[in-house]
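Novice: Please work out how this folds:
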Amino acid sequence: MENITKSYGEVKALVGADFAATRGEIHALLGENGAGKSTLVRILSRVVRQDKGSISLDGVPVHTKSPLGAIKAGIGTVFQELSLVPVFTVAENVFFGRGPQNIFGTMPSRILNEKTAALLASYGVSGIDPKTEVSRLTVSEQQVVEIVKVLAREPQVLVLDEPTAGLAEDRVEWLLRLMRQLAEQQKIVIFISHRMNEVKNVADKVTVFRNGTHVGVRAMGETTSDELVSLMLGREVTNYFPKKDSHVGNEVILETQGLGITGKMTDVNLKLHRGEVLGVGGLVGQGQTPLFLSLFGIMKAQGNILVSGTRAMIRNPRSSISSGIALIPEDKGNQGLVMSMAIRENITLPVLQSLRSNGLVSLRKERKVVADLMQVLKIKAESMEARVGTLSGGNQQKVVIAKLLSAHPSIFLMFDPTRGVDVGTKTEIFHLIRDLARDGNGILFYSTTTDELVHVCDRVLVMYDGRITEELGGGRLTKENIIRASLGEAVN
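Specialist: The predicted model follows:
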């Protein structure tokens, strides 16, 4: 890809950007959210057209104008947002639009399931039934299906845009092994990730983007994490994690008593104090999602939820917000945002009632709220009227957080809030969490990254098989102890 340029109105997404990779190579593409990585990927995949520049594969110019043309040319892309049809089965999704058909033009289920089972087995995927409806899978399993769906077309170039952000740890290991196998088959693997340890473990070469263009290409064995981060930010990164001053008060702001959902979560008892960041750890799928969704009124659970000592009747998200509880959900694209709507409309969705004047929403009040939050969170966009779907992943997450803050909750449920965001935005989120605690709020914080739990939280509760099996604080709050408890082992 040479001299790739792309603008959206006044916003220059890419300016004279170059990118080159060779067969048999895992090539990492790094940069902050908004640096131009995803735009480059969308252009390579022909989802959008560049204003200037050229693309060639094996020396042959790529002139196709459509995503289907890119697939036929041998370019397969796993995008950040899932493209699965929730009501279809795994098999129907994997072979959507191209499965074996009978004389009536329909897909025979038996053959479709057999082919999918063989395909999953060939890529070393276990534990996923081709006949299962996708909506019943975990986010991690859905991500695996998305990857296999692309691999089923046997691409020569595989582009993975933040593929590990939603994967369980064992699935991450599976994908990294698979990437190496594909490279050994002389395919090109382009890997976008904000997890530096994964990049260091698997990449052969790294290209860094900043402000819409490439700023450096390094062989992985000849560079360091510090150099790559400095290239990404244009400066040295300091204070990645905030200073963890304790502001934990005596008041229990949120308490659960015997919270349970049959088959998902059992007898969960926790106490979150005012001014506390209480972490929730454990391997993916151990009851964390049901816990957060029940506290926000999305899933119905047995037991009691108390807010500041008073039982709260949490029946739905509206009643949860009324009780002072707000949620950053697991999947920002499907659960946290309306991608086709403007930044302004997304941020004020939970608080439209409070912005009414004479029965109508006051646009003046709405714009004031949004402008203040965009400034505080440093949301980068052409204007508050920009569609959320056009923003980078980090800026989309900031809109989710702004939406949360607009409701002025006292209890923040943050489910993996740094998933899929860049180093700089992660640092901003960490500092925001500690600032919210200092101001007397309570934060329940789940993360798939153990280092975040250790460096951001005052205490950590580890869940295993739907239960809280360990509470870690003080000197016991270490990465090793979290991992040990996550595996169901006792911690001394």
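
Novice: List of residues touching the one helix or strand residue 149 maps to?
Specialist: Using DSSP states H and E, the element containing residue 149 is helix 139-151. Outside helix 139-151, the residues within contact range by Cβ atoms under 8 Å, 6 or more residues apart in numbering are 76-78, 82-84, 90, 93-94, 96, 119-120, 123, 125, 127-128, 134, 137, 158, 160, 163, 166-168, 171, 174-175, 284-285, 330-331. (Each C-beta comes from the backbone N, C-alpha and C, glycine too.)

Novice: Just the buried ones out of these, please.
Specialist: 76-78, 82, 84, 90, 93-94, 119-120, 123, 125, 128, 134, 137, 158, 160, 163, 166-168, 171, 174-175, 284-285, 330-331 (16 or more other Cβ atoms under 10 Å).

Novice: Let's see which of the contacts of helix 139-151 end up in helices.
Specialist: 90, 93-94, 119-120, 171, 174-175 (DSSP state H).

Novice: number of nearby residues for residue 368?
Specialist: 12 (other Cβ atoms under 10 Å).

Novice: Residue 378 is in contact with residue 431, isn't it?
Specialist: No - using Cβ atoms under 8 Å, residue 378 is not in contact with residue 431; the gap is 11.7 Å.

Novice: Of the two, give the one with the bigger neighbour count.
Specialist: Neighbours were tallied for residue 378 and for residue 431 using other Cβ under 10 Å; the higher tally belongs to residue 431 (16 against 12).

Novice: Hmm, that one is touching residue 242, no?
Specialist: Yes - Residue 431 lies in contact with residue 242 (Cβ under 8 Å); the separation is 4.7 Å.

Novice: secondary structure element for the residue nearest to residue 299 when sequence neighbours are not counted?
Specialist: Distances taken as Cβ to Cβ, 6 or more residues apart in numbering put residue 293 closest to residue 299, at 4.2 Å, once the chain neighbours are dropped. Assigned by DSSP H and E, residue 293 belongs to helix 288-295.

Novice: Quick one: name whatever helix or strand follows that helix.
Specialist: Assigned by DSSP H and E, the successor of helix 288-295 is strand 302-307.

Novice: contact partners of whichever helix or strand comes after that next one?
Specialist: Remark: after strand 302-307, the chain's next helix or strand is strand 310-311, criterion DSSP H and E. Residues outside strand 310-311 that contact it (Cβ under 8 Å, 6+ apart): 304-305.

Novice: Please apply the same query to stretch 216-232.
Specialist: Contacts for stretch 216-232 (Cβ under 8 Å, 6+ apart): 28, 30-32, 35, 196, 199-200, 203-210, 215, 236-237, 422-424.

Novice: cutoff 6 Å now
Specialist: 30-32, 196, 203-208, 215, 236-237, 423 (Cβ atoms under 6 Å, 6 or more residues apart in numbering).

Novice: just to revisit the earlier point, would you pull up how far the helix holding residue 149 lies from the middle of the chain?
Specialist: Here the centre of helix 139-151 is set off from its chain's centre by 14 Å, with Cα atoms, centre = their mean, to the nearest Å.

Novice: before we move on, what about stretch 356-366?
Specialist: Counting by Cα atoms, centre = their mean, stretch 356-366 comes out at 33 Å from the chain centroid.

Novice: Between the two ends of it, how far is it?
Specialist: Terminal residues of stretch 356-366 lie 9 Å apart, using Cα to Cα, to the nearest Å.

Novice: if we can go back for a sec, sitting in strands, which of the buried ones among the contacts of helix 139-151 do you find?
Specialist: 76-78, 158, 160 (DSSP state E).

Novice: Tell me which two of those residues sit farthest apart.
Specialist: Maximum pairwise distance in these, criterion Cβ to Cβ, is 9.5 Å, between 76 and 160.

Novice: On the three-state scheme, residue 280 is what?
Specialist: strand (DSSP: H, G, I helix; E, B strand; the rest coil).

Novice: what bridges to it?
Specialist: Residue 280 has these beta-bridge partners by DSSP bridges: residue 446, residue 461.

Novice: Can you tell me how far it is from residue 256?
Specialist: From residue 280 over to residue 256 the distance is 12 Å, taken as Cβ to Cβ, to the nearest Å.

Novice: if you count what's nearby, which of those two comes out ahead?
Specialist: Set residue 280 next to residue 256 and count neighbours by other Cβ under 10 Å: residue 280 wins out with 26 against 21.

Novice: Would you mind confirming that that one is in contact with residue 447?
Specialist: No - using Cβ atoms under 6 Å, residue 280 is not in contact with residue 447, being 8.1 Å away.

Novice: Among the contacts of stretch 216-232, name the ones in helices.
Specialist: 196, 423.

Novice: out of the contacts of stretch 216-232, which are buried?
Specialist: Buried among the contacts of stretch 216-232 (16+ other Cβ under 10 Å): 30-32, 203-208, 215, 423.

Novice: Tell me the one among the residues you listed nearest to residue 268.
Specialist: residue 423 (33.0 Å).

Novice: wait, what's in contact with the closest one?
Specialist: Residue 423 neighbours (Cβ under 6 Å, 6+ apart): residue 229.

Novice: That one and residue 460, how far apart?
Specialist: For residue 423, the distance to residue 460 - Cβ to Cβ - is 23 Å.

Novice: Repeat that for residue 69.
Specialist: 49 Å.

Novice: For the two, indicate the residue with more neighbours.
Specialist: Neighbour comparison, residue 69 and residue 460: the larger count goes to residue 460, with 27 against 13 (by other Cβ under 10 Å).

Novice: Pull the number of nearby residues for the residue nearest to the more buried one when sequence neighbours are not counted.
Specialist: Nearest non-adjacent residue to residue 460, counting by Cβ to Cβ, 6+ apart: residue 279, 3.7 Å away. By other Cβ under 10 Å, the residues close to residue 279 number 26.

Novice: Give me the pLDDT value at residue 279.
Specialist: If you check residue 279, the pLDDT there is 97.

Novice: was I right about it contacting residue 462?
Specialist: No - applying Cβ under 6 Å, one finds residue 279 not in contact with residue 462, separated by 8.8 Å.

Novice: quick one on the thing from earlier: only C-alpha atoms, please: export the helix holding residue 293 in CSV.
Specialist: This file holds the C-alpha atoms of helix 288-295, laid out as CSV (Å, rounded to 0.1, in the frame of the first residue of the first chain):
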residue,chain,number,x,y,z
GLN,A,288,-18.7,-11.9,35.7
THR,A,289,-21.1,-11.1,32.9
PRO,A,290,-24.3,-12.2,34.7
LEU,A,291,-23.1,-10.3,37.8
PHE,A,292,-22.8,-7.0,35.9
LEU,A,293,-26.0,-7.5,33.9
SER,A,294,-28.1,-8.4,36.9
LEU,A,295,-26.8,-5.3,38.7
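
Novice: how much space is there between residue 198 and residue 423?
Specialist: 14 Å.

Novice: Also residue 390?
Specialist: For residue 390 relative to residue 423 (Cβ to Cβ), the value is 22 Å.
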